[in-house]
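Participant: how would this look folded up:
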Amino acid sequence: MNLSKFGSKFTRPNGISQLMTDLGNAKNSKNPDIIMLGGGNPAVIPEVNSVFVSELQKLMTSTQIDKVIGLYDHPQGNEDFRVALANKLNENYDWGLDKNNIGLSNGSQANFFVLFNLFAGEMTDGSHKKILFPLAPEYVGYADQGLSEDMFIAIKPDIEILDADSKSKQFKYVVNFDAVAQTLASDNAIGALCVSRPTNPTGNVITDEELNQLDSLAQQYNIPLIVDNAYGHPFPGCIYTDATLTWNSNIILCMSLSKLGLAGLRTGIVIANKEIIQALGHINGSMILTPNSLGPSLLTRMLKDKELLKLCKNVVKPYYSDKSQTAIGLFNEIFADRSVYLHKVEGAFFMWLWFKDAKITSETLYQRLKEKYVYIIPGHNFFIGIDDDWQHKHQCIRINYATDETTLRKGLETIKLIMDEA
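Facilitator: Below you'll find the predicted structure:
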């Protein structure tokens, strides 16, 4: 094929497509010994799933179903859902939103593709803008979203060892604000800041103070702050530490229905000033006409009747919080007396392990684990915009602990075995 620059860029092999291919092949395998600890798929929580199935059955027999499956929605997304969500957020946070502050898409990945390329890349004046990640590592799915090359730069984190004298070896990444401020001051090519909260892959939740400081810097340099809130408040609410949900007209807050357990319905949500939402609507109209209706239609009544947030508070969050405690307990047991550190689990449903004195790279570990039918994600893929010569980048792995204890134990024990043999 004689491909355009676009075609050449988006058809070449990359980290996320290779990882998803490996995970897809493993998922479709009939091998009963496969241990799936990779990917970001939420757990199928029986109580939550039964609520959504029941709601779907009600929708299917309602007078709304013809509209849901047979008519196009507004390019900004289903209006009833946007009104209901604006009302709920105003009730909880007093943000003064209306439906035109909210836009929908076919999944968060689509949202970030549009947002990154709105604020970075080749600009109309011929300049080249970039997205700055103030805290690495970040979500692997961001890496290949730019229409132009070299669109992402990142700041190495400060690494704090927590409770150094404890048997529970934990650490936490914190924002190096001196480096962030210096980068913004010296590089006028920064088009936006972007941070996830909780962070995929580490489960890190930047503090309210850190978020406010990033917001102040973004406003100082007249650039937006994009906050990926896919795992955060108010849904699915997978945050296990104190954190306040924040929004203003300079923040672009991104949410999702996926981590509720509705990953297949591909519904991404953007909360922003009306100019940005209008722009997203125009792009939706050009690319997809309108986002799909099923996800928003399924949850509109639950939002209005306050059932959705109760479900998150009473079922979803406790489920993953319990899983996190199991994961921490297994880590402390299996890796006792080993030079392995666990990032403090503050949200989402991932373990981020740092093999401080590893003799092999995370990529080598990934390949050796595949041979034993254990699937994790090697950490170097998440250090977008960080040079390969930083050793720490090759010492970490991500594990999805949204599984049963037996499977997680087998996986962690296999990891320990391979690292001991290395």
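Participant: pop the domain breakdown of this protein in here.
Facilitator: 5-48+311-421, 72-306 (automatic domain parsing).
Participant: any idea which of the ones you listed scores lowest on pLDDT?
Facilitator: With a mean of 91, domain 5-48+311-421 has the lowest mean pLDDT of these.
Participant: I'd like the distance from it to the chain centre, please.
Facilitator: Averaged C-alpha coordinates place domain 5-48+311-421 at 14 Å from its chain's average position (C-alpha atoms, centre = their mean, to the nearest Å).
Participant: contacts for stretch 374-381?
Facilitator: If you take C-beta atoms under 8 Å, 6 or more residues apart in numbering as the criterion, stretch 374-381 is touched by 15-16, 19, 22-23, 26, 34-39, 137, 140, 143, 201, 352, 361-363, 365-366, 369, 388, 393-399, 410-411, 414-415. No exception for glycine: its C-beta is placed from N, CA and C like everyone else's.
Participant: again, only using 7 Å
Facilitator: 15, 19, 22-23, 26, 35-38, 137, 140, 201, 362-363, 365-366, 369, 393-394, 396-399, 411, 414 (C-beta atoms under 7 Å, 6 or more residues apart in numbering).
Participant: which of those count as buried?
Facilitator: 15, 19, 22-23, 26, 35-38, 137, 140, 201, 362, 365-366, 369, 393-394, 396-399, 411, 414 (16 or more other C-beta atoms under 10 Å).
Participant: quick one, phi psi at the most far-flung residue of the chain relative to its centre?
Facilitator: For the chain, the residue at maximal distance from the C-alpha centroid (C-alpha atoms, centre = their mean) is Thr63, at 35.2 Å. Here is the backbone geometry of Thr63 (degrees, to the nearest 10): phi -70, psi -10.
Participant: pLDDT score for it?
Facilitator: 87.
Participant: buried set for the helix or strand Ile283 falls within?
Facilitator: Element membership for Ile283 (DSSP states H and E) is helix 274-287. By neighbour count on 16+ other C-beta under 10 Å, the buried set for helix 274-287 is 276-277, 280-281, 283-284.
Participant: ok, residues contacting it?
Facilitator: Contacts for helix 274-287 (C-beta under 7 Å, 6+ apart): 75-76, 100-103, 105, 114, 118, 252, 270, 290-291.
Participant: repeat that with 10 Å
Facilitator: 73-77, 82, 97-106, 110-111, 113-115, 117-119, 224, 249, 252, 270-272, 290-291 (C-beta atoms under 10 Å, 6 or more residues apart in numbering).
Participant: returning to that earlier point: from Asn292, how far out is the residue farthest from the centre of the chain?
Facilitator: As defined by C-beta to C-beta, to the nearest Å, Thr63 lies at a distance of 20 Å from Asn292.
Participant: got it, and Pro157?
Facilitator: 37 Å.
Participant: just to revisit the earlier point, now, the contacts of stretch 374-381 that are in strands?
Facilitator: Secondary structure defined by DSSP state E assigns 35-36, 396-399 of the contacts of stretch 374-381 to strands.
Participant: and of the residues you listed, the nearest to Asp228?
Facilitator: Arg398 (15.7 Å; C-beta to C-beta).
Participant: beta-bridge partners for the closest one, please?
Facilitator: Trp352, Ile377 (DSSP bridges).
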